[in-house]
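>>> need coordinates for the following:
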Amino acid sequence: MGRRAPNEHQARLMKFITVTVILATVAAFSSLSFAFSQDRVQRIACIENQHAMCAAVYDYQADNAGVNPSRLRLAKHYFTGRPDDFGACPADHVPYTYDRETGIVSCPNPAHRPH
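Numbers count the residues shown, from 1 in each chain. Here you go, the predicted model:
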């Protein structure tokens, strides 16, 4: 009664290995899904931030006879987003580029540009 048959021991080992492989597979897929969703959320936050910054430039223009701000930071007063997101991509903190002629604000990362 104290000893198990070798086949019973092997069957338990196989069950343990099978469960371990299944759990490892589930963990791998969920971590990939998390990484993908996190990247997508950062991209969306960057695009929304660019829109808010363009709106701040337009508001600056409305208050200053249609003149674009000479520097992007002059429109900071009109920015409605999070203050620490002003002027840089929230994902990688690279400063945005600002075209003075058009008033367009864009992220240097091509994946974060609106289509």
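>>> residue closest to the middle of this protein?
With distances taken as C-alpha atoms, centre = their mean, Gln42 lies nearest the centre of the chain, 1.2 Å away.
>>> contacting residues for the residue lying closest to it once chain neighbours are set aside?
In this structure, Gln42 finds its nearest non-sequential neighbour in Ala91, 3.7 Å apart by C-beta to C-beta, 6 or more residues apart in numbering. Bear in mind the C-beta positions are built from the backbone N, C-alpha and C, glycine included. By C-beta atoms under 8 Å, 6 or more residues apart in numbering, the residues touching Ala91 are Gln42, Arg43, Ala45, Cys46, Asn109, His112.
>>> which strands and helices lie in contact with the host helix or strand of Ile44?
Assigned by DSSP states H and E, Ile44 belongs to helix 6-63. Applying 3 or more C-beta pairs under 8 Å, 6 or more residues apart in numbering; DSSP states H and E, one finds that helix 6-63 contacts strand 104-106.
>>> packing partners of the strand it packs on?
For strand 104-106, the elements it packs on are helix 6-63, strand 97-99, judged by 3+ C-beta pairs under 8 Å, 6+ apart.
>>> output the ones you listed as JSON lines; include the columns distance to Arg73 and mean pLDDT.
Below are these laid out as JSON lines (distance: least, C-beta to C-beta, whole Å; pLDDT from 0 to 100):
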{"stretch": "helix 6-63", "distance to Arg73": "10", "mean pLDDT": "86"}
{"stretch": "strand 97-99", "distance to Arg73": "9", "mean pLDDT": "88"}
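>>> can you list the ones you listed in JSON lines and add distance to Leu74?
Below are those laid out as JSON lines (distance: least, C-beta to C-beta, whole Å):
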{"stretch": "helix 6-63", "distance to Leu74": "7"}
{"stretch": "strand 97-99", "distance to Leu74": "10"}
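>>> among the ones you listed, show me which one is buried the most.
Among these, ranked by average contacts under mean count of other C-beta atoms under 10 Å, first place goes to strand 97-99 (a mean of 15).
>>> give me the residues contacting it.
With C-beta under 8 Å, 6+ apart as the test, strand 97-99 has contacts from Arg71, Leu72, Ile104, Val105, Ser106, Cys107, Pro108.
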